[in-house]
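Undergrad: fold the following for me, if possible:
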Amino acid sequence: KMAAVRMLSTRSALRLVALLLGVFAAGQCTEHVPLLMWTSDGFSLPSRSDPAAGHSVSMSELQSYLNTAFRSTPHNVLLFLQDKLSVDDFTKYAGVFGNKQGSAFPNLESTLQSSSSSLLLPSVCSMVSSSLPMLLQDELNTSPLYMDPDMLAQLRLNASVPVLLIFSLPYSSSGADMMSVKEVLSGNDEMIGQVLRIMGSQSVPYTAIYTALRPSRLMEEVIPEVHSVGARSLLQFRHEGSPAPYPPVEFKERGSACILLWAKNLTVSEYRLGRWERHNLSPKTFGEGVSPKLEGSFCNATHSRLVLNYEDILGYQSFKLIFVMSQRHYQVSARRWFTMDQVQLEYDRKTASFNGSRGIYAPAEYSYRCHSVTSFRYPLLTPRSAKDNANNWRISFDDFQIQGFNVTGKEFSYASDCAGFFTPGIWMGLLISALMVLLLTYGLHMIMQLHTMDRFDDPKGPAISVPQSE
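TA: Numbering: from 1, shown residues only. This next block holds a predicted model:
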């Protein structure tokens, strides 16, 4: 009896939370994701009229449809929840224009074509899709199980017992993964096909849902704001003010700043079980109200060391990101230069060291800036040795800027950019310009080689007679 009371109170709490989310999403929803739903053979979803163009499915609408659908569909639910997804991804990467061989969703397309019934909702509020596990848990009266195909193959399901299986799918990375978006989506599609084949081999009927937590592309929405000026009205675009850039990390020695660091993203990835697991350190490093721990940092006239201390990163209780820099005088250039000698990762008494002195350097009076500093794609950071732990790690810094010497105030000195003068774009422009100059020179030369005729017909002179016969 007590268990039943607890179950009833839990379901009531879930419904209350869903109701509050629905009310909040109704007025705050600005991001939309697609939702696909289908069933195994022998079952059909209830019919639903196509949503009007521009209409976004709300929490109450989706909850009402799920309540109706589960009256006639299997209660073995497969929820494929992707990090990001938009309708544009299907347009760009699926075979919608006849290019079936280049499609990133062959398994999904064949499943939808062979399914007895399917549902496509092109615009669902992302807040609604994020709460979908909670809605399904309330509808099925069962707790969710987060799975992967290997775990599912070892699980024996009972068609008469409701089960909610959630499969988390990635989308792409912002610099820490070499795979393109299409390759990641193709891998997700292969996982979906593998899961469906396992369900088919066990002869277990199912209801499948494929959606995402947030969109991969944010479209600028047009919101009409009417300003009455006589009989006129003005339509304005909604432009949200771009947030001010957050200040750099600042390390002070004896009350004065001596090291500055700024980056849009600081991402580390570790190779585990055949895949790269990544973590973005930026939220714990930069931003309003964020003050990273800098214990272990120091600086002097010739050496500086910046230590960023973290906790609970990729399962490690202690995690440090360390930048080791030095400066000295070079006789050839007759000036002082600073180099980033190493970037180190210290995690649970282990160390991974990357060398950076060959590609990361700048005059001692300047700061160093680079759009992308990575250890794997056009690497500026390389593992210290073939046996170093760094071979199991990847580092990626986006819009990276650092200054370890001659810091004055809280702003960087003049930046020395990593992009060389003769970039591929500049070489292309120079070669095309040289080709155009060569063609122009050749044309002028040909024009100058034109010669006038030696004799012209003078109307005032004697007529030119041309004999008709030899």
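Undergrad: report how many residues lie close to the spatially closest residue to residue 116 that is not a sequence neighbour.
TA: Take residue 116 and drop its neighbours on the chain: the residue closest to it by Cβ to Cβ, 6 or more residues apart in numbering is residue 44, 5.2 Å away. Any C-beta I mention is one placed from the backbone N, CA and C, and that applies to glycine too. Around residue 44 there are 15 other residues, counting by other Cβ atoms under 10 Å.
Undergrad: on the pLDDT front, check residue 44 for me.
TA: The pLDDT attached to residue 44 in the predicted structure is 84.
Undergrad: swap in the one 4 residues further on?
TA: pLDDT, residue 48: 75.
Undergrad: may I have the phi/psi pair for it?
TA: Backbone torsions of residue 48, given as degrees, to the nearest 10, read phi -140, psi 130.
Undergrad: that one reaches residue 118, doesn't it?
TA: No. The pair residue 48 / residue 118 is not scored as a contact, 11.0 Å apart, by Cβ atoms under 8 Å.
Undergrad: quick revisit: three-state assignment of the residue nearest to residue 116?
TA: Assigned with DSSP: H, G, I helix; E, B strand; the rest coil, residue 44 falls in the coil class.
Undergrad: could you do residue 128 as well?
TA: Strictly by three-state DSSP, residue 128 counts as helix.
Undergrad: what's the neighbour count on the nearest residue to it once chain neighbours are set aside?
TA: Nearest non-adjacent residue to residue 128, counting by Cβ to Cβ, 6+ apart: residue 59, 4.9 Å away. Using other Cβ under 10 Å, residue 59 has 24 neighbouring residues.
Undergrad: and residue 64, by the same measure?
TA: Other residues close to residue 64 by other Cβ under 10 Å number 11.
Undergrad: report the secondary structure element holding it.
TA: Using DSSP states H and E, residue 64 maps to helix 59-69.
Undergrad: same question, residue 150
TA: Going by DSSP H and E, residue 150 is in helix 149-154.
Undergrad: ok, now residue 450?
TA: Assessed by DSSP H and E, residue 450 sits outside every helix and strand.
Undergrad: ok, it - how many residues close by?
TA: Counted with other Cβ under 10 Å, residue 450 comes out at 6.
Undergrad: cool, residue 112 as well?
TA: Neighbours around residue 112, by other Cβ under 10 Å: 17.
Undergrad: tell me if I'm right that it and residue 119 touch.
TA: No. Counting by Cβ under 8 Å, residue 112 does not reach residue 119; the two are 9.9 Å apart.
Undergrad: mutual contacts of these two, please.
TA: Common neighbours of residue 112 and residue 119 (criterion: Cβ atoms under 8 Å, 6 or more residues apart in numbering): 36, 38.
Undergrad: centre of the chain to the helix or strand encompassing residue 124, how far?
TA: Using DSSP H and E, residue 124 sits within strand 118-125. Between the centre of strand 118-125 and the centre of its chain there are 23 Å (Cα atoms, centre = their mean, to the nearest Å).
Undergrad: quick one, it and helix 59-69 angle?
TA: Computed by axes from the mean of the first three to the mean of the last three Cα atoms, to 10 degrees, the angle separating strand 118-125 from helix 59-69 equals 160 degrees.
Undergrad: same for strand 118-125, what does it pack against?
TA: If you count contacts as 3 or more Cβ pairs under 8 Å, 6 or more residues apart in numbering; DSSP states H and E, strand 118-125 packs onto strand 32-39, helix 59-69.
Undergrad: list the buried residues in that strand.
TA: 118-119, 121-125 (16 or more other Cβ atoms under 10 Å).
Undergrad: nearest to residue 30 among those?
TA: residue 125 (8.8 Å; Cβ to Cβ).
Undergrad: that closest one contacts residue 60, doesn't it?
TA: No. With contact defined as Cβ under 8 Å, residue 125 does not count as touching residue 60 (11.1 Å).
Undergrad: helix, strand, or coil at residue 427?
TA: From three-state DSSP, the assignment for residue 427 is helix.
Undergrad: same deal with residue 406?
TA: coil.
Undergrad: contacting residues around it?
TA: When contacts are taken as Cβ under 8 Å, 6+ apart, residue 406 is in contact with 364-365, 413.
Undergrad: equivalent analysis for residue 344, please.
TA: 320-322, 324, 351-354.
Undergrad: got phi/psi on it?
TA: Backbone torsions for residue 344, taken as degrees, to the nearest 10, come to phi -120, psi 150.
Undergrad: what's the answer for residue 187, then?
TA: The phi/psi pair for residue 187 (degrees, to the nearest 10) is phi -70, psi -40.
Undergrad: what's the burial count for it?
TA: Counted with other Cβ under 10 Å, the neighbours of residue 187 add up to 15.
Undergrad: mind listing the residues bridging to residue 272?
TA: Note on residue 272: beta-bridge partners by DSSP bridges are residue 275.
Undergrad: and it, how far is that from residue 186?
TA: The spacing between residue 272 and residue 186, counted by Cβ to Cβ, to the nearest Å, is 21 Å.
Undergrad: of all the buried residues of strand 118-125, which comes closest to residue 40?
TA: Using Cβ to Cβ, these come closest to residue 40 at residue 118, 11.4 Å.
Undergrad: next, the buried residues of the longest strand that the chain contains.
TA: Counting residues, the longest strand in the chain under DSSP state E turns out to be strand 316-330. Buried residues in strand 316-330, counted by 16+ other Cβ under 10 Å: 316, 319-327.
Undergrad: please apply the same query to stretch 252-271.
TA: For stretch 252-271, a neighbour-count test (16+ other Cβ under 10 Å) marks 257-270 as buried.
Undergrad: can you put the residues you listed in CSV and add pLDDT?
TA: Shown next, in CSV, are the buried residues of stretch 252-271 (pLDDT from 0 to 100):
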residue, pLDDT
257, 88
258, 92
259, 93
260, 94
261, 94
262, 93
263, 92
264, 90
265, 89
266, 92
267, 92
268, 93
269, 92
270, 92
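Undergrad: now intersect those with the helices, please.
TA: Among the buried residues of stretch 252-271, no member falls in helices (DSSP state H).
Undergrad: okay, helices next: where are they in this protein?
TA: Assigned by DSSP H, the helices in the chain fall at 2-28, 59-69, 87-93, 106-114, 126-130, 132-140, 149-154, 181-201, 424-448.
Undergrad: could you single out the most deeply buried of these?
TA: With neighbours defined as mean count of other Cβ atoms under 10 Å, these peak in mean count at helix 126-130, which reaches a mean of 23.
Undergrad: just the C-alphas of that one, formatted as CSV.
TA: Taking Å, rounded to 0.1, in the frame of the first residue of the first chain, the C-alpha atoms of helix 126-130 are listed here in CSV:
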residue,chain,number,x,y,z
SER,A,126,13.2,22.1,-27.4
MET,A,127,12.0,22.5,-23.8
VAL,A,128,9.3,19.9,-24.6
SER,A,129,11.8,17.5,-26.2
SER,A,130,14.1,17.9,-23.2
